[in-house]
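J.: no letters, just coordinates:
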């Protein structure tokens, strides 16, 4: 596995991996119109606008088949109550073939270091309440549940959990 900072040329592959991974993991939870409304917010222009934000960073994992995963960090956007300097892991997605490869750990380690490099002393994320594999992974890495968060997929309200790790 090779890890590197993303470039604008990577955005179409990131979008594809995001859609495939999200649908494989969560697609069964939503009516087709809610899933379509959610994905409508992820246009090439929206990805490019995010990529251009100075505080937002993308890191990708690649193998011989291409993009295997990505992570995205930024300043805190979640509605968390903080008393220190936060940073956020906004997305971490893997292709099915990369699960169990160590790519998730490498991307999370990068996100932690990215937060530290930006002067943060805590890292926040949200995770779907019934995504037990992801919750175990984050807990194993020092994240603690800090309460509920409503995540909208179209008009469907999911309960996510806000999680925090001291850096």
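T.: Everything's here; your move. Computed from a prediction, not measured in an experiment: that's the story for all the values here.

J.: what number of residues lie near residue 141?
T.: Using other Cβ atoms under 10 Å, residue 141 is surrounded by 16 other residues. (C-beta placed from N, C-alpha, C; glycine too.)

J.: so it makes contact with residue 108?
T.: Yes. Judged on Cβ atoms under 8 Å, residue 141 makes contact with residue 108 at a distance of 6.0 Å.

J.: list the beta-bridge partners for the residue most central in space within the chain.
T.: Nearest to the mean C-alpha position of the chain, by Cα atoms, centre = their mean, lies residue 91 at 0.9 Å. Per DSSP bridges, the residues bridged to residue 91 are residue 72.

J.: look up how far residue 101 lies from it.
T.: Noted for residue 91: a distance of 18 Å to residue 101, by Cβ to Cβ, to the nearest Å.

J.: kindly report the same for residue 119.
T.: Distance from residue 119 to residue 101, counting by Cβ to Cβ: 31 Å.

J.: repeat for residue 138
T.: Per Cβ to Cβ, residue 138 is found 18 Å from residue 101.

J.: distance between the ends of stretch 75-84?
T.: One end of stretch 75-84 to the other measures 13 Å (Cα to Cα, to the nearest Å).

J.: average pLDDT for it?
T.: For stretch 75-84, mean pLDDT rounds to 92.

J.: same question, stretch 132-140
T.: The model assigns stretch 132-140 a mean pLDDT of 97.

J.: which parts of it are buried?
T.: Residues of stretch 132-140 classed as buried by neighbour count (16 or more other Cβ atoms under 10 Å): 134-135, 137-138.

J.: quick check: the residue nearest to the centre of the chain touching residue 74?
T.: No. Using Cβ under 8 Å, residue 91 is not in contact with residue 74, being 9.8 Å away.

J.: where does the residue nearest to the centre of the chain land on pLDDT?
T.: If you check residue 91, the pLDDT there is 97.

J.: likewise for residue 112?
T.: Predicted confidence (pLDDT) for residue 112: 98.

J.: same check, this time on residue 17
T.: Predicted confidence (pLDDT) for residue 17: 97.

J.: give the burial count for it, as a bare number.
T.: Neighbours of residue 17 under the rule other Cβ under 10 Å: 21.

J.: and residue 70, by the same measure?
T.: By the criterion of other Cβ under 10 Å, residue 70 has 24 neighbours.

J.: is residue 145 in a helix, a strand, or coil?
T.: Put simply, residue 145 is strand when judged by DSSP: H, G, I helix; E, B strand; the rest coil.

J.: kindly report the same for residue 113.
T.: Secondary structure state of residue 113, per three-state DSSP, is helix.
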